[in-house]
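> dropping a prediction and its sequence here:
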Amino acid sequence: MKLFRLLVLVFPALAFGADFSKDVAPIFERACQSCHHAGTSTPMSLVTYNDARPWAKSIKERVALRDMPPWHLDKTVGIRHYKNDRSLTDAEIATIVKWVDAGAPEGNKADLPAPLTFTADNVWYIGKPDLLARTDKDFKMYAKGPDWWIDQYGDIALTEDRWIKAMEVKPSNPKVVHHAVLYAIEPDAPAGTPETGIQLTEFAVGKYGDIFNENTGRLLKKGTRLRYDMHYFAIGSEQSNYMTVAFQFYPKGVVPKYQVRSIPIRNFPNDELEIPPNSVVRTDGYYRLTRNARIDAFQPHMHMRGKGMTLEAIKLDNTTEILSSVDHFDFNWHINYIYADDVSPLLPAGTVLHMIGVHDNTAANKRNPDPSAWVGFGERSVDDMVQVWINVVYLDDAEFKQALEARKPKLVTRSGI
Ligand code: HEC
């Protein structure tokens, strides 16, 4: 009995049943509607009861598997707090499952939360841009056929180097764009930088640009060419699309104190990857921090056989700590997991970052197009990759010490003592 009461406390829906208006609509507002509303590329709107009802079975399945909302971290290990966390709690999942199992009842309309309003599509979430740049050419997507991955390019009209404060990229026709990843091909990139450029930002439904912390930015160099790594899908009629990127800069002459750098950690020897048929393969990569660092974000990159990726820190005292681990990777989603300010890893120079990638080339991987194929490293999505991008801010010794101090729990004393 006691256990039942406890369960009811945690999962109120267990005792009282769940209906759309009272129990489910608030969850959809928080976690689904930013993507699932009319005019986006999602398969359906989840705004009204009538929108959601026909999808009840599929909703239960996706939510219970933690495929939706897209957030693929193992929540039981590593750092737990992320700025862009849109995942559901166990209690929210239980409520949705309960609702579907009860026949997906509507409940009383009077219980509905106030509806959200969605900003018109021509507004930039980062605010008024200082500079816009777009792809050279429009892309024509056929009416029918498989998804299409293709690179598009564009220039930026910059007469001098500028520091980015915020940026946002978006398609003219979101109905056919699954996602787009934007890369900067710099005119004078240091040796070792991939020719395909360094990652700047991306578009995916539900992503609203990147706004850097105060006094923190990224340098955009004059002469940079942009590569848009596009994923299109067909919707039954021919469509065209171009991409636009909006930048907000620090004022001319202002150099933010902290520079965000995007560092890829890949496997060693570089890019040697072999995934035999019907096998699960683990690959390791290492990166030694030569300076004190704060890690702001973590983004795994693999292709269709990608299953999991873990980033851990091998510390100076030879202990190892898991920072983040994705345990149900989905190639359709390029998620940048952004650490909350009070838990972003602070790692002294000499710390070794360790990436562990797992590829599943068996039939158990539902995204695997062909478990009998040998798969190696390559750009095509039927080839594979293993790398993690981390956003790093370097700190000098004084800044590092200060950042560590600020994290220490404050001593609570009674007044007057
Ligand atoms: C970041 C954007 C985003 C968020 C947030 C999101 N979805 Fe989705 N959802 C998508 C996209 C895009 C697809 C289609 C591609 C796919 O299946 O991955 C999709 C597909 C689905 C499907 C499969 C529909 C089908 O074809 O059967 C269901 C069900 C679903 N979402 C439910 C939800 C629910 C419920 C939530 C909130 C708890 C949610 N989604 C949150 C973007 C999102």
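Nice, thanks for sending it over.
> count the neighbours of P256 for me.
Taking other CB atoms under 10 Å as the criterion, the count of residues near P256 is 18. C-beta coordinates here come from the backbone N, C-alpha and C atoms, glycine included.
> ok, now A313?
Look at A313: counted by other CB under 10 Å, it has 18 neighbours.
> G350 is in contact with that one, correct?
No. At 10.8 Å, A313 and G350 do not qualify as touching, with contact defined as CB atoms under 8 Å.
> list the contacts for the residue nearest to D396 when sequence neighbours are not counted?
Taking CB to CB, 6 or more residues apart in numbering as the measure, D396 lies nearest to N292, with 7.1 Å between them; neighbours along the chain are not counted. When the contact criterion is CB atoms under 8 Å, 6 or more residues apart in numbering, the partners of N292 are L346, L347, P348, A349, Y394, L395, D396, D397, E399, F400.
> which one of these is nearest G197?
Among the contacts of N292, Y394 lies closest to G197 (CB to CB), at 21.4 Å.
> quick check: bridge partners of that closest one?
Partner residues in beta bridges with Y394: A293, with DSSP bridges as the criterion.
> what number of residues lie near K83?
Should you count by other CB under 10 Å, K83 turns out to have 13 residues around it.
> next one, pLDDT for it please.
The per-residue pLDDT reported for K83 equals 87.
> now it. Nearest residue, chain neighbours left out?
For K83, the nearest residue in space outside its immediate sequence neighbours is I338; the separation is 4.3 Å by CB to CB, 6+ apart.
> can you tell me which residues contact the one you found?
For I338, the residues meeting the contact criterion (CB under 8 Å, 6+ apart) are Y82, K83, N84, D296, A297, N391.
> next helix or strand past the helix or strand that contains it?
Taking DSSP states H and E as the criterion, I338 maps to strand 337-338. Later in the chain than strand 337-338, the nearest helix or strand by DSSP H and E is strand 346-347.
> any idea which helix or strand comes after that next one?
Immediately after strand 346-347, counting by DSSP H and E, sits strand 352-360.
> summarise which helices and strands that next one is packed against.
In terms of contacts (3 or more CB pairs under 8 Å, 6 or more residues apart in numbering; DSSP states H and E), strand 352-360 is packed against strand 258-266, strand 280-288, strand 293-302, strand 306-314, strand 386-394.
> and with 10 Å instead?
Helices and strands in packing contact with strand 352-360 are listed as strand 258-266, strand 274-275, strand 280-288, strand 293-302, strand 306-314, strand 320-326, strand 386-394; criterion 3 or more CB pairs under 10 Å, 6 or more residues apart in numbering; DSSP states H and E.
> give me the mean pLDDT for that strand.
What strand 352-360 shows for mean pLDDT is 97.
> direction included, what does that strand pair against?
Short version: by DSSP bridges, strand 352-360 pairs with strand 280-288 (antiparallel), strand 306-314 (antiparallel).
> let me have those in TSV, extended by distance to K60 and mean pLDDT.
Formatted as TSV, the strands paired with strand 352-360 follow (distance: least, CB to CB, whole Å; pLDDT from 0 to 100):
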stretch	distance to K60	mean pLDDT
strand 280-288	29	95
strand 306-314	24	97
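> most tightly surrounded among these?
Neighbour counts averaged per stretch over these are highest for strand 306-314, at a mean of 21; criterion: mean count of other CB atoms under 10 Å.
> so what's the gap between it and the chain middle?
For strand 306-314, the distance from its own C-alpha centre to the chain's C-alpha centre is 15 Å (CA atoms, centre = their mean, to the nearest Å).
> put the alpha carbons of that strand into PDB.
Included here for strand 306-314 are C-alpha records, laid out as PDB according to Å, rounded to 0.1, in the frame of the first residue of the first chain:
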ATOM      1  CA  GLY A 306      26.300   4.700 -35.200                       C
ATOM      2  CA  LYS A 307      24.900   3.400 -31.900                       C
ATOM      3  CA  GLY A 308      26.600   5.100 -29.000                       C
ATOM      4  CA  MET A 309      29.300   7.600 -28.100                       C
ATOM      5  CA  THR A 310      30.900   8.400 -24.800                       C
ATOM      6  CA  LEU A 311      33.200  11.200 -23.900                       C
ATOM      7  CA  GLU A 312      35.300  10.800 -20.800                       C
ATOM      8  CA  ALA A 313      38.100  12.700 -19.100                       C
ATOM      9  CA  ILE A 314      41.200  10.900 -18.000                       C
END
